[in-house]
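# Pasting the sequence and the predicted model now:
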Amino acid sequence: MTIGWNDNTPIYRQLKDRVIGMMLDGALKAGDPLPSVRQVAAEYQLNPITVSRAYQELVDDNLVEKRRGIGMYVTEGASEKLLASERERFVREEWPAMVERIRRLGLDVEQLLRSTQPGGAA
């Protein structure tokens, strides 16, 4: 798998966000090991310090834990914590902008909701 890194955000942050996405999607569950720093660095041609920084932020956020000598593992409750945090961030940051855009475009919220349901008209 090839990953395209964007130039607008530090790579360690992008890597952290990808791991978080995997947790939210269920690809990484509580107790699952993260790939080693060396493995990720080699696979994506990154500096190991970059990978370590991303992993350390996940540790700082209590989403993964270091197990001395054996690696990093997803903590119990990490997915639930992330989901709650992402929901709160969406409601605080993204939803107001969407509501404003819907208002500016003169769209009907009920019609939009109907059009996104299976079998709904676009």
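Great, that's in hand.

# Give the other helices and strands that the helix or strand containing residue 52 contacts.
Under DSSP states H and E, the secondary-structure element containing residue 52 is helix 48-60. Using 3 or more CB pairs under 8 Å, 6 or more residues apart in numbering; DSSP states H and E as the contact test, the elements touching helix 48-60 are helix 11-25, helix 37-44, strand 64-67, strand 71-74. Yep, even glycine has a C-beta here, placed from its N, CA and C like the rest.

# distance between it and the chain's centre?
Here the centre of mass of C-alpha atoms in helix 48-60, compared against the chain's by CA atoms, centre = their mean, to the nearest Å, lies 15 Å away.

# so which of the helices and strands packed on helix 48-60 comes closest to residue 91?
Comparing these by their distance to residue 91 (CB to CB), the top pick is helix 11-25, with 16.1 Å.

# Contacts for the closest one, please.
Around helix 11-25, the neighbours that count as contacts under CB atoms under 8 Å, 6 or more residues apart in numbering are 3, 5-6, 28-29, 34, 40, 44, 46, 50-51, 53-54, 57-58, 63-64, 74, 78-79, 82-83, 86.

# Flag the shaky bits of this structure, pLDDT-wise.
Within the chain, the ranges that satisfy pLDDT under 70 run 1-2, 119-122.

# Which segments of it make up each domain?
Annotated domains of the chain cover 11-77, 79-115 [automatic domain parsing].

# start to end distance for the shortest one?
Distance across domain 79-115, first residue to last, is 30 Å (CA to CA, to the nearest Å).

# most packed of the helices and strands packed on helix 48-60?
Counting by mean count of other CB atoms under 10 Å, strand 71-74 has the highest mean neighbour count of these, with a mean of 18.

# Then residue 107 would be within a helix, right?
No - membership of residue 107 in a helix is not supported by DSSP: H, G, I helix; E, B strand; the rest coil, which gives coil.

# secondary structure element for residue 102?
Element membership for residue 102, per DSSP H and E: helix 95-105.

# if we can go back for a sec, need the winner for burial among the domains of the chain.
Sorting these by mean neighbours (by mean count of other CB under 10 Å), the first place falls to domain 11-77, with a mean of 15.
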